[in-house]
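Novice: no sequence on this one, just coordinates:
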């Protein structure tokens, strides 16, 4: 599942409990600064082998999960692959 | 094939230190914001010292440390993106000041990786037996083209110079130097030169010779190439990170170093860091850090060090060296 993988990445990078990283959590509420967001993006890009172009709109965990799901499926030309 | 080693180091910075509080009076920022985002507390800013002046002061110290005279030099290589003039080169200006009458002189432009590019060139000229003593300098007065209205970049940069003497020797001191570039990413760290303008052509828009940077893309590039360069140097020399006494990185941002250390699974203390007091001095940062390491820590004959840099171009470089007494 995309959410679980992204939650693990964020929890490892920020040294936070997985439970504190909910789908609805905003990066502000998790006290993620701009450089930490870049690190999260680098880790997600490596993990999912995708490129995230426009970080500006990514304000919450859900934003990132939605982005990755869409991007991943787009990259697979709509094939509903299991992630 | 001959062998090359680093026989002497030197550095020089302007006397004027500018603190984060000083900058908060120029742009909307704060000491807390700058420290937590970059690790920088202060930087030295020129009060009239130009690139060749700082390079000269650093060179004198390096020559004395190596126990040679300017007249012993076969070559002077200055890595800089902020020369005093388009011509003569900073290296030619140094030649005159140092009395290095027999030296070939040229500058190279590889931004923050420039010193490592210069070290690679010097190593080749000594290995091929064409030179015995080469002065390699990284020198910058970045304050000339810093955009003092851009709070995201003006907090980062400082002025300074670092120099090393690369000498032909009995024992191998420079094990390998690697360099590379990603020209397609050049737009992420940019500073235009003089605008293209003449009596017959006027540019459609005004071009200012000021630095601009896409911090996110540079962060991604920097952490990626740093880790790759270090791992490649270790692999190609059959060494592990445990064999390395210190890594001397380009001093761009503490957060980049923390992240790279995390990726390399090492403590960030394995990096020698002085960006807190000098900021990012581009090509000067690696030789300045090497000089301070040489003075603050007792390096022993045989200690292995990795130098690693990344920056405008975008370029990168890494070197594995063995310290020689």
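Specialist: Ah, there it is. Please read these numbers as outputs of a predicted model, since none were measured by experiment.
Novice: next, count neighbours for the residue of the stretch 51-200 of chain B at minimum distance from chain A.
Specialist: Across the stretch 51-200 of chain B, the shortest distance to chain A (C-beta to the nearest C-beta) belongs to residue B:152, at 9.7 Å. The C-beta positions use only the backbone N, C-alpha and C, and glycine is treated the same way. Residue B:152: 15 surrounding residues under other C-beta atoms under 10 Å in any protein chain shown.
Novice: cool, and residue B:236?
Specialist: Neighbour count for residue B:236, taken as other C-beta under 10 Å: 12.
Novice: how about the residue nearest to it when sequence neighbours are not counted, what does it touch?
Specialist: Sequence neighbours aside, residue B:176 is the residue nearest to residue B:236 in space, at 6.2 Å (criterion: C-beta to C-beta, 6 or more residues apart in numbering or on different chains). If a contact means C-beta atoms under 8 Å, 6 or more residues apart in numbering or on different chains, then residue B:176 has B:233, B:236-237, B:319-320 as its contacts.
Novice: with residue B:129 instead?
Specialist: Residue B:129 neighbours (C-beta under 8 Å, 6+ apart): B:1-2, B:168.
Novice: and stretch B:151-164, what's buried?
Specialist: Neighbour counts over stretch B:151-164 (16 or more other C-beta atoms under 10 Å in any protein chain shown) mark B:151, B:153-164 as buried.
Novice: neighbours around the residue lying closest to residue B:193 once chain neighbours are set aside, how many?
Specialist: The shortest distance from residue B:193 to any non-neighbouring residue, by C-beta to C-beta, 6+ apart, is to residue B:209 (6.4 Å). Residue B:209 is flanked by 12 other residues according to other C-beta under 10 Å.
Novice: residue B:209 and chain A, how far apart?
Specialist: Note on residue B:209: its distance to chain A, by C-beta to the nearest C-beta, to the nearest Å, is 27 Å.
Novice: ok so that residue is a strand residue?
Specialist: No. Assessed with DSSP: H, G, I helix; E, B strand; the rest coil, residue B:209 is coil; it does not lie in a strand.
Novice: now do the phi/psi pair for it.
Specialist: The phi/psi pair for residue B:209 (degrees, to the nearest 10) reads phi -90, psi 70.
Novice: chain B against chain A: which residues are in contact?
Specialist: Along chain B, the residues adjacent to chain A under the rule C-beta under 8 Å from any C-beta of the partner chain are B:36-37, B:215-216, B:219-220, B:223-224, B:255, B:259.
Novice: show the buried residues in those residues.
Specialist: Among the residues of chain B next to chain A, the ones that count as buried by 16+ other C-beta under 10 Å are B:37, B:215-216, B:219-220, B:223-224, B:255, B:259.
Novice: so which of the contacts of residue B:129 belong to strands?
Specialist: Counting by DSSP state E, the contacts of residue B:129 place residue B:168 in strands.
Novice: what's the closest of the contacts of residue B:129 to residue A:65?
Specialist: Residue A:65 lies nearest to residue B:1 out of those, by C-beta to C-beta, at 55.8 Å.
Novice: roughly how far apart are the nearest residue to residue B:180 once chain neighbours are set aside and chain A?
Specialist: Leaving aside its chain neighbours, residue B:180 sits nearest to residue B:316 (5.5 Å; criterion: C-beta to C-beta, 6+ apart). Applying C-beta to the nearest C-beta, the value for residue B:316 to chain A is 16 Å.
Novice: now for the helix or strand hosting residue B:316, which elements pack on it?
Specialist: According to DSSP states H and E, residue B:316 maps onto strand B:315-322. For strand B:315-322, the elements it packs on are strand B:3-12, helix B:114-127, strand B:174-181, helix B:215-236, strand B:304-311, judged by 3 or more C-beta pairs under 8 Å, 6 or more residues apart in numbering or on different chains; DSSP states H and E.
Novice: so where's the chain shaky on pLDDT?
Specialist: In the absence of a named chain, this looks at chain A. Residues of chain A meeting the criterion pLDDT under 70: A:73-83.
Novice: next to chain B, which bits of it? Give me the list.
Specialist: Chain A comes close to chain B at residues A:33-35, A:38-39, A:41-42, A:55, as judged by C-beta under 8 Å from any C-beta.
Novice: let's see it at 10 Å
Specialist: Taking C-beta under 10 Å from any C-beta of the partner chain as the measure of proximity, chain A contacts chain B at A:12-13, A:33-39, A:41-43, A:45-46, A:52, A:55-56.
Novice: quickly note the distance from the residue nearest the centre of chain B to residue B:51.
Specialist: Taking C-alpha atoms, centre = their mean as the criterion, residue B:283 is the residue nearest the geometric centre of chain B, at 2.6 Å. Residue B:283 sits 10 Å away from residue B:51, going by C-beta to C-beta, to the nearest Å.
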